[in-house]
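J.: missing the sequence, but the structure's below:
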């Protein structure tokens, strides 16, 4: 399911669909499709809406992953279940796995699928125990893994379980009998209550183990990148690099034509794209990814952050736990605090401070020496950043 606009991740989704946000310099949906194909899910149906052409261009026909991909276009928003129902012509022969196109996971979904087909539930829900379940649907199960109660986004006093729905399901084709055609309809809000109240059907839960994120916020995006970087076990160099007296402590993934200046220090896990130049006395800390053709100025410090392509960081600037989109410029002596998101082509002029948790819209200009304490919008772009 790849139809959403990803408004909660703006400004990162103004120019790309949510599944194409980079994670370790690779569109997130590539990580997902690669994982599914490696498990044996090679017949993949992708429902697309917002900027779906970018998804098609990114994945092609699936042959790169040893899979066959079919695209189903969504002209209007149909909700999660409605979106899947729109592809019912491709899903009528056997049970099928439903996964959000924005999901990042290493969970063994083949085991999930096999457990479902061994049971008698019309649908099974992948459940994961998490510390803060209020933003998800939660489920109560019995010893047979039957779901006894399900509550979408519970409020205070309603959190009867910390088993959160991952939004990953295995369904029998019979569910289409309960989903109206060409109507906005959601799994959690609409379909599951119908199935649970029907004496002839029941839902099952499957207790997942592993890493999973629906990348619903900048912080969760950084967390997903953190554990993808954690998977790196060795240093990989793709092409020629120039190291002018700098120090690299792996694991580090280096693209072609990377330059590392004198006394610069890179402490992995770190990924650096092709053509990026790192000046002298720079420190790049663990869990950082830097895209292609970036320039990191002298004595800059970057810790646990994501810089996309063609980003410029001026001398002496510090970036901590933040995301910087394509062609953004951070001038000399700036401080970008934790959980900040800076949109494409924005300019942060010298000695500015961007406070923690701030978002800056594309092409915004922050004047010299300013302390930014509130979201910075651009009237050319939609101001909303809540919702899907």
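T.: Sure, I can see it. This is a predicted model, so every value here is computed, not measured.

J.: list the buried ones in stretch 90-98?
T.: Judged by neighbour count using 16 or more other Cβ atoms under 10 Å, the buried positions of stretch 90-98 are 91, 95, 96, 97, 98. Glycine gets a C-beta too; all of them are placed from N, C-alpha and C.

J.: wait, stretch 69-80
T.: For stretch 69-80, by 16+ other Cβ under 10 Å, it's 69, 71, 72, 74, 78, 79, 80.

J.: And for stretch 212-229?
T.: Residues of stretch 212-229 classed as buried: 212-216, 218, 220-229 (neighbour count, 16+ other Cβ under 10 Å).

J.: Tell me if residue 196 really is in a helix.
T.: Yes. According to DSSP: H, G, I helix; E, B strand; the rest coil, residue 196 belongs to a helix.

J.: isn't it right next to residue 147, touching?
T.: Yes. Applying Cβ atoms under 8 Å, one finds residue 196 in contact with residue 147, separated by 7.0 Å.

J.: who has more neighbours, these two?
T.: residue 147 (23 against 15; other Cβ atoms under 10 Å).

J.: Between the buried residues of stretch 212-229, which sits nearest residue 383?
T.: residue 218 (16.8 Å; Cβ to Cβ).

J.: The closest one and residue 306: what is the separation?
T.: Distance of residue 218 to residue 306, given as Cβ to Cβ, to the nearest Å: 9 Å.

J.: for residue 363, same thing?
T.: Taking Cβ to Cβ, one finds residue 363 at 19 Å from residue 306.

J.: Between those two, which is the more surrounded one?
T.: Shown here are residue 363 and residue 306; by other Cβ under 10 Å, residue 306 has more neighbours (29 against 16).

J.: residues touching the more buried one, list them.
T.: 22, 221, 222, 225, 288, 289, 322, 323, 324 (Cβ atoms under 8 Å, 6 or more residues apart in numbering).

J.: Tell me what it is bridged to.
T.: Applying DSSP bridges to residue 306 gives these bridge partners: residue 289, residue 323.

J.: Now do the same for residue 33: helix, strand or coil?
T.: Taking three-state DSSP, the label given to residue 33 is helix.

J.: what's the span of stretch 354-370 from first residue to last?
T.: 8 Å (Cα to Cα, to the nearest Å).

J.: Repeat that for stretch 167-185.
T.: Using Cα to Cα, the two ends of stretch 167-185 sit 14 Å apart.

J.: can you check stretch 127-142 too?
T.: 13 Å.

J.: For that stretch, give the mean pLDDT please.
T.: What stretch 127-142 shows for mean pLDDT is 87.
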